[in-house]
Structures are given as structure tokens and as C-alpha cells.
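Peer 1: Got a sequence here, can you build the structure:
(chains A and B)
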Amino acid sequence: MNTWVFIDHFKGNALPSSWEAVGVGKTFGNVTALVLGSGIEGLAKTAFEYGADEVLLADDATLADYRAEAFATTVSKLAAERTPDLLLFPTTTRGRELAGMVAIDLKTGVMVDVTALEASGDRIIVTRPIYAGKLLTKETCSSKPQVITLRGRAFPRPATQLGRSGMLTKVSAASGDFQTKVEGYTAGEGGVSLTDASVIVSGGRGISNNPTFTPPGGLDEKQAEAWRGQQGYKLVTDLASVLGAAAGASRAAVDAGYVPYVHQVGQTGKVVAPDVYIALGISGAIQHLAGMRTSKVIVAVNKDPEAPIFKLARYGVVGDLFQVVPALTAALKKKMGK
Amino acid sequence: MKIVVCVKQVPDSTAKVVVDQGKITWGDAPLIMNPWDEYAVEAALLQKEALGGSVTAITIGDDSTKETLKRALAMGADDAILVSDAAFANMDTQATAQVLTAAIRKVGAVDMAFFGRQAIDGDSGLVPAQAARLLGWPAITLASLIKIDGTTVHAERGIEEGRQIVSTKLPAVFSLTKDFGEPRYPSFMGIRKASRAEIPTWSLAELGIAAPVSVISWPEIMNPPVREVTCEFITGGNPEEIAETLADKLLAEKVL
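Peer 2: Purely as a prediction, here's the structure:
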């Protein structure tokens, strides 16, 4: 199968799920990596080290910033000329959008956010979660090329082979009257991204329940609760920083103003599957559980022994967060030698 | 400013969704407007309030999905259109995008088309970008801020690394993130107006397109494997001792 993998990157830093996609592509034979950007020849080299056999490199000033129209037109033009059987994208913001647009250009369908796949003749049968993971569906596409986006962390990252090389083919960026201009960026908070994290520490409504928190004067009830939640969230970020983990939150904590929305895990936030998910003061609403239920080891600390989160948890502590969590942070810090 | 907002009716996010004898069921949980689409309606209404014009809500579905159009009307949309035809059953995203695109073209002279970022049932999140591609318009997906200056759009969009600040030209397609701002509740007057609204239905023939062909099929829908886990509750001693035990157990799992 002639397989292409789109390498998603920001200023030359590839998102890890791009390499996971190269690994998946290799299970179907040789892999051609698509590397689009400006001044990104180094990324082509890395693609070979992760297992790409060929790199189509569009290194062009017009591709310096991601713009859907310019990127999709370039990928579609290359695919129309060279007719790959299978086009893989990581399920990232850019990957998902591009897969959708390229499929329209190539008059085919997209199987999105796939967590497992198998070849059946010249078709791929995929499995993907729907309803935020409350259900799974098998999916096939009757048209070519088969366009698939792969969920991050659903597939292993291939080992790199330093110095491995392959065929580098320079291609040109598609030209066109693209209306969108990129004016700049504002940085996120930094830290570990939820979807790539192997460990996540999350806080829920319970993190505001510390009676010793005394909000400053002049706040109404809602503001005072948000203030208490913001203070309580330090439990989450302190533990996360010891573990090198990403910080998450339940929808209740986000809606109450404790933490910004980028941290939300669940059906209307991010769906995550880390190796360890530590839920602090999260009772486990069905929308939240849907977003983290495939985590390998779930740990829950909650004062309510009946909280639904304990039904998914490997380890549970029924108790006061504000006593248990600082002690856990200290114990792990000591034992991990940090 | 002529604005369209595309909405979808879905089972409530708190619904317990299961597969029973090959069919998806959600018990007696209510059907609601897709939560992401509420942000799209809010964004559309804010643009109308700032710039004048009208907001038209569109959905694809059977008669029962008029309830979701009424929700949009109650929030403040000016009119609503139900796009309905037996040919629209079980469509994949590119077919859905074709039908919505045809409806947007039939509305005519549309400046802005708003979509939720994804529907919480299918979770594809492809239709906004695919509709933009079919229309030949730029797509500002995952927008957290939109400002219109004449026919120029200034926007911020959420990306993994933070936010990307972009400008483009109308007409354009938008999808929204939650950062955009909380959707409003329908007003009492709005609900009264919506309950009396006449909602026209457009069929395939009225859209004037060939029946859309879906290329994606779903041979099997399954309940996820049951998670075989028994929670080991760490008890006994003071919080420090509990924390110590838990830390040892976690380190023994060799996952940290």
C-alpha cells in the first residue's frame, strides 16, 4: 500500500502523534512522509530516523505558517499527481482540518480519530470512539485514497534509528489566491499538553472545599467560589509538576471559573488516555468518565466513597484532599528523588 | 450581514448511550442542541448585534429536529430552515457538508456561516472545514475571538501551542471553541416567538442537488469493553501514612 503520513509540526517541532502515525504507516509497507513548512529540512531528517522511506519536502516561505488553504491545496495537488492509497494524519487541530479539506478535494471520505485499524484487501477497517468513547464504531471507506486521522497515544511511537536516511524529494508549494494571513501567535501556558501526556493530574469541584481558604473581601458568592477553586488548583499543579504531568480539570471546575477551558477533560473538553490519571475531588460525571476511561491506571481521591469515579479507579482514597494530596506530593517527590 | 448557523440535534451529554441489539439507544435522555452549536449560535447573534443583519439557523433531520431549530430561534435567530429528505439518512461528513453547502447557497448572499466545532455524537469535527472547502471560502476553525472590519475578519484560533492570530476576507466559515463566551439562555419572549414560528422544510429537490453519496459506512457499532477493575481503597493511618502507601503502590506499577 502506497502510504503517506502528514507530519504535523509547529515551527519545526513535530507533534509526537506524527511519529506514531509513521509507525502505523510502516505496518502497511513503505512510508512517504509529507513535510510542509519553511526552513524545515531538519524535520525531513528526523522523519527518516523514525522510519519514513521517502520524504516529500515542500520547503517554501508561503508555508512558513500553517494556513489551511495553502496546506490543503499543496497536499491535495501532490496526492492527485502521485495517487497514494492511504493518507494518514495525526488527529491534531491541523491534522483533522487538513484531512477534512483534502478529502473534499480528492472526493473521498475521512475516518477520523481512529484508535485501531486493520487491512482488509485494499481497504482499511478502522475502529474509532464515538459519543466521546461511550461507544466504539467500525468504519470503512469505499473510495480512494483512504484518509485516516489517528488518535494521539493510541499507537506506539516507533524507535528512532540515528543516521537512518531515505529518499528526499523536494516538491513545490501550491500557489493560489489564499485569503488567510497569519498575523502572529500568543503562547499557551506551556507545560505538558493533555493529549500527549503520559500522566495527568486533574481537579474537580472538590478542590474549592478547603474551609481554611478565606477569599479577599468584595467578592460575590460566585467569585469567592472561583477564588477558592483557583487556590485549591495548586494541589493539582504541585503534584503535576513533581510527576512531569499535564494538569486537567472537570467541566464543573472549568465552568465554576477555577481553571481555564484548555484544561477541561471530558465530552466537551479533551479526550485523554494517559498511563496514569489522578482525579482529585472529581466525583465522575458520565461526560468526564467518557473522556478519561481508557487511562491505564486511574487513581481517585474523593471524600464521597460512593463517587462513580471509584468504579473506574485502580486505587482510591476516601478522605480530605487538602491533607492527602500534599502528603502524596511530598512522598512522591522524596521517593522519585526530585 | 447575512449569517447562517448550522446546528445539530443530539442526545444530552449526560445520557447513558449504549448499543442494544445493534442499535444506539440513550434511554429517556432528552435530545438537545449539540452543546458546541450553542456557541455557534451565540457567536452568530453577537455578530448580528454588532453589525446588523439576520441569523438563519439550519439543521438536517426529521420533523423532530425542529425542536433544536426552535431553541436557536428562542435564543434570538431570525428564522430557521429544516433540511429534510429520505436521501439524507446515514450521511457521512462529506455528504453532510454537501447538503449544508447547498442550503447555504440557497439562502443566498451569506457573509458568515457558523458551526459548532464538532457534534458530541459522531465526534468528527470535519464538517466546518469540509463545508468551507466546498464553498471555496476560508475556514476560521476553533475561533476564540472574531472581529469584523468591513469585509475583513480578524480572529484568534486555538491551536495546540496557544493561539494563532489570523485575518481573512468574508465570506467565511467559522467554528468556535468554548473560550468564545458562554451561550445565552433563551428569553421568555424568545421562547414564545419560537413556539409560533413556521419553519420551512427544504427537500433534496428544493436544494437542486443530486442525492449525496456517502462513502463511509459503519459495519458494526459496539459498546466499549467493560473495564475489569476493582478499586483498592488505601485506608488506615493518618494522611501521611496513606499517602506513603499510595506512592509506593504507584511506583510499583512502573508507570510514573
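Peer 1: Surely residue A:132 is in contact with residue B:123?
Peer 2: Yes. In this structure, residue A:132 is within contact of residue B:123 by Cβ atoms under 8 Å, at 6.5 Å. Every residue, glycine included, has its C-beta placed from N, CA and C.
Peer 1: Residue A:337: what secondary structure?
Peer 2: coil (DSSP: H, G, I helix; E, B strand; the rest coil).
Peer 1: Quick one: end-to-end length of stretch B:183-203, please.
Peer 2: 30 Å (Cα to Cα, to the nearest Å).
Peer 1: ok so, going back, quick one, which of residue A:132 and residue B:123 is more surrounded?
Peer 2: Applying other Cβ atoms under 10 Å in any protein chain shown to residue A:132 and residue B:123 shows that residue A:132 carries more neighbours, namely 24 against 19.
Peer 1: ok, now which ones touch that one?
Peer 2: Neighbour list for residue A:132: A:266, A:267, A:271, A:287, A:290, A:291, B:120, B:123 [criterion: Cβ atoms under 8 Å, 6 or more residues apart in numbering or on different chains].
Peer 1: So which of these sit within strands?
Peer 2: Among the contacts of residue A:132, no member falls in strands (DSSP state E).
Peer 1: Quick one: which of those residues has the lowest pLDDT value?
Peer 2: The pLDDT minimum for the contacts of residue A:132 sits at residue A:267, where the score is 86.
Peer 1: thinking that one is in contact with residue B:11, fair?
Peer 2: No. Taking contacts as Cβ under 8 Å, residue A:267 lies outside contact range of residue B:11: 10.9 Å.
Peer 1: shared neighbours, the two?
Peer 2: With Cβ under 8 Å, 6+ apart, residue A:267 and residue B:11 have common neighbours residue A:131.
Peer 1: max-length strand in chain B?
Peer 2: strand B:139-149.
Peer 1: Now do the contacts for the nearest residue to residue A:266 once chain neighbours are set aside.
Peer 2: Using Cβ to Cβ, 6 or more residues apart in numbering or on different chains and skipping the chain neighbours, the partner closest in space to residue A:266 is residue A:291 (3.7 Å). Residues near residue A:291 by Cβ under 8 Å, 6+ apart: A:132, A:133, A:265, A:266, A:267, A:269, A:270, A:271, A:272.
Peer 1: okay if I get those residues as TSV plus distance to residue A:252?
Peer 2: Converted to TSV, the contacts of residue A:291 look like this (distance: Cβ to Cβ, whole Å):
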residue	distance to residue A:252
A:132	16
A:133	19
A:265	11
A:266	10
A:267	13
A:269	11
A:270	16
A:271	17
A:272	17
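Peer 1: for these, which one is nearest chain B?
Peer 2: residue A:267 (5.1 Å; Cβ to the nearest Cβ).
Peer 1: Can you classify the spatially closest residue to residue A:62 that is not a sequence neighbour by secondary structure?
Peer 2: Setting aside the residues directly before and after it, residue A:62 is nearest to residue A:173 in space (Cβ to Cβ, 6+ apart), at 5.2 Å. When classified by three-state DSSP, residue A:173 comes out as coil.
Peer 1: So residue A:173 sits against residue A:57, correct?
Peer 2: No. Residue A:173 lies out of contact with residue A:57 (Cβ under 8 Å); the separation is 10.6 Å.
Peer 1: so where's the longest helix in the chain?
Peer 2: Because you didn't say which chain, this covers chain A. Ordering each helix of chain A by length in residues (DSSP state H) puts helix A:221-243 first.
Peer 1: right idea, wrong chain: chain B
Peer 2: Max-length helix for chain B by DSSP H is helix B:35-51.
Peer 1: partner strands of whatever helix or strand comes next after it, parallel or antiparallel?
Peer 2: Downstream of helix B:35-51, the first helix or strand assigned by DSSP states H and E is strand B:54-60. Using DSSP bridges, strand B:54-60 pairs in its sheet with strand B:2-6 (parallel), strand B:79-83 (parallel).
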